[in-house]
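Colleague: quick one, fold the following:
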Amino acid sequence: MLFAFSNALSWLPPAFVSVLMLVIVGLTAFYAGHGASALILRIPGTRSGAMIRNTVSALRRPMQIMVTLLTLLAALPAATGFSYEEEQNLRLFFFFLLILVFGFSLISMFRLLSEAYLNRLARLDYADDIMARAHQTQIKVLRRLGEILIGLITVASALMLFPSVKQYGVSLFASAGAASLIVGLSARGLLTNLIAGVQIAITQPIRMEDLVVINGDWCWVEEITATYVVLRVWDWRRHIVPISYFLENRFENWTHNSAAITGVVFLWLDYDAPMDEIRDMLREIVRNCPLWDGKVFDAQVSDCTDQAMSVRVIASARNAMQSWDLRCDIREKAIACIREKFPQALPRRRVAFVSPETGARLDITDPDTLLSPPVHRPPPGSYMGPGSGREGKR
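Modeller: The predicted structure is shown next:
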């Protein structure tokens with residue numbers, strides 16, 4: 001049919017007829033693919049149908065372009081208006097675009113499958129599920145590494161179609177030792193982070209939504225890319241940290257094995273504080289807190305100074321944020337109860353008045369003890385210094 005179309009327009013320039021034919025064939029294939037994808041998107045809403053619709057919706061445009069390019073490659077021999085060199089150049093160009101679109105389709109499909117798995121995990125309640133967070137971390141890190149790898153292979157395969165690039169590639173492989181050294185030195189930071197990303201995906205010193213301490217800040221792991229990690233601080237600031245940092249430096253991970261954590265509250269009390277009664281009061285306060293998980297509680301005198309003693313109260317919670325709120329709640333209620341029921345337990349500063357001669361304690365309520373010692377003044381008529389009046393009499 002294409003040859004008949006070309007013969008019917010033989011009165012026109014051959015090159016123009018070939019271009020017109022390819023344009024018509026390409027538009028026909030493009031809109032045919034558009035119509036086929038529109039029919040597929042109307043599949044009833046079953047579970048398998050929903051998966052097919054999501055796949056077609058994500059790959060709709062790349063698949064239309066691929067169908068168009070394949071149709072043009074099939075129709076190219078019928079375009080007799082081109083010379084041999086022009087036909088080969090068009091063929092290379094169509095293959096070049098086809099490889100690029102195919103690589104883009106692979107990346108989109110890989111991203112679609114990983115997002116479907118991540119959405120399935122997101123629908124589960126995995127606040128303390130280490131396995132779910134581990135899978136989430138592996139999928140996100142390996143997905144980005146896979147996208148980079150597919151992109152590099154796609155671009156390299158497309159460029160190798162051209163003879164000049166192929167010759168350059170062969171000569172580059174021939175001098176692979178020097179080339180690898182130069183590339184390694186110039187991209188040392190990038191390669192370090194990429195390798196660190198693979199190590200983190202396998203060993204997992206950090207996971208998604210882990211609570212870590214960086215530079216004194218509480219941070220949650222919000223995103224892990226191939227080269228850096230985004231950390232969300234409690235006040236919604238973000239730390240952007242190279243991924244190799246977590247393999248080369250020490251840091252605290254509070255949720256590596258479990259999200260549960262034990263919080264500590266310190267109270268400074270006077271030595272007159274009745275510890276048994278205060279311990280019972282603290283136990284009742286913690287027991288009535290809804291954020292306490294019911295596992296760990298204790299109250300002990302952990303330190304003392306010359307003025308007061310330190311009481312350490314520990315209580316466990318399900319996660320770090322609940323532990324913070326639990327500690328604040330314990331601190332507020334403990335201060336209120338101590339002020340109301342045990343005012344003698346509040347810290348006080350004591351001062352003792354003693355006699356400088358005997359060292360005996362003085363009674364500050366006695367007026368005689370408040371008198372200052374006698375002041376020895378010069379006898380009358382003594383020289384009192386310049387301007388005292390005696391110089392004038394002399």
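
Colleague: model confidence score at His376, please.
Modeller: Looking at His376, its pLDDT is 68.

Colleague: swap that for Cys219, please
Modeller: With respect to pLDDT, Cys219 scores 89.

Colleague: now it. Its backbone dihedrals?
Modeller: Per-residue torsions, Cys219: phi -140, psi 140 (degrees, to the nearest 10).

Colleague: so what pairs up with it in the strands?
Modeller: Beta-bridge partners recorded for Cys219 (DSSP bridges): Val212, Val233.

Colleague: quick check: it touching Arg232?
Modeller: Yes. If you go by Cβ atoms under 8 Å, Cys219 and Arg232 touch, sitting 6.3 Å apart. To be clear about C-beta, it is placed using only N, CA and C from the backbone, and glycine gets the same treatment.

Colleague: looking at these two, which is more packed in?
Modeller: When Cys219 and Arg232 are compared for neighbours, Cys219 comes out ahead with 22 against 16, by other Cβ atoms under 10 Å.

Colleague: in contact with the more buried one, which residues?
Modeller: Applying Cβ atoms under 8 Å, 6 or more residues apart in numbering, we find Cys219 in contact with Leu211, Val212, Val213, Leu231, Arg232, Val233, His239.

Colleague: dump those residues to CSV, plus pLDDT and distance to Leu59.
Modeller: Output for these, formatted as CSV (pLDDT from 0 to 100; distance: Cβ to Cβ, whole Å):
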residue, pLDDT, distance to Leu59
Leu211, 87, 38
Val212, 90, 38
Val213, 88, 43
Leu231, 93, 34
Arg232, 91, 33
Val233, 90, 38
His239, 91, 36
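
Colleague: which of these sits closest to Met281?
Modeller: Closest approach to Met281 among the contacts of Cys219 (Cβ to Cβ): Leu211, at 30.7 Å.

Colleague: what's the burial count for the closest one?
Modeller: For Leu211, the count of nearby residues is 20 (other Cβ under 10 Å).

Colleague: from Trp324, how far off is it?
Modeller: Noted for Leu211: a distance of 11 Å to Trp324, by Cβ to Cβ, to the nearest Å.

Colleague: do Val241 as well
Modeller: 23 Å.

Colleague: so Thr137 makes contact with Ala201?
Modeller: Yes. With contact defined as Cβ under 8 Å, Thr137 reaches Ala201; the gap is 6.8 Å.

Colleague: which residues touch Gln64?
Modeller: Going by Cβ under 8 Å, 6+ apart, Gln64 touches Phe30, Gly33, His34, Ser37.

Colleague: which non-adjacent residue is nearest Glu277?
Modeller: Leaving aside its sequence neighbours, Glu277 sits nearest to Phe342 (Cβ to Cβ, 6 or more residues apart in numbering; 7.0 Å).

Colleague: next, that neighbour: phi, psi?
Modeller: phi -130, psi 70.

Colleague: flag the shaky bits of the chain, pLDDT-wise.
Modeller: The model of the chain has pLDDT under 70 over residues 1-14, 16-17, 40-53, 122-131, 165-191, 352-353, 355-376, 383, 385, 387-394.

Colleague: mind giving me the domain split of it?
Modeller: 1-123, 140-257, 261-345 (automatic domain parsing).

Colleague: residues in contact with the nearest residue to Lys341 once chain neighbours are set aside?
Modeller: The shortest distance from Lys341 to any non-neighbouring residue, by Cβ to Cβ, 6+ apart, is to Met281 (7.1 Å). Applying Cβ under 8 Å, 6+ apart to Met281 gives the contacts Ala334, Cys337, Ile338, Lys341, Phe342.

Colleague: what about the helices in the stretch 151-300 of the chain?
Modeller: 163-174, 176-186, 188-203, 245-248, 275-287 (DSSP state H, counting those that start in this stretch).

Colleague: is Ile314 in a helix, a strand, or coil?
Modeller: The local conformation at Ile314, judged by DSSP: H, G, I helix; E, B strand; the rest coil, is strand.

Colleague: wait, I meant Val311
Modeller: Per three-state DSSP, Val311 ends up strand.

Colleague: how near is it to Glu284?
Modeller: For Val311 relative to Glu284 (Cβ to Cβ), the value is 15 Å.

Colleague: those two - which one has more neighbours?
Modeller: Legend: neighbour count by other Cβ under 10 Å for Val311 and Glu284, higher for Val311 (23 against 11).
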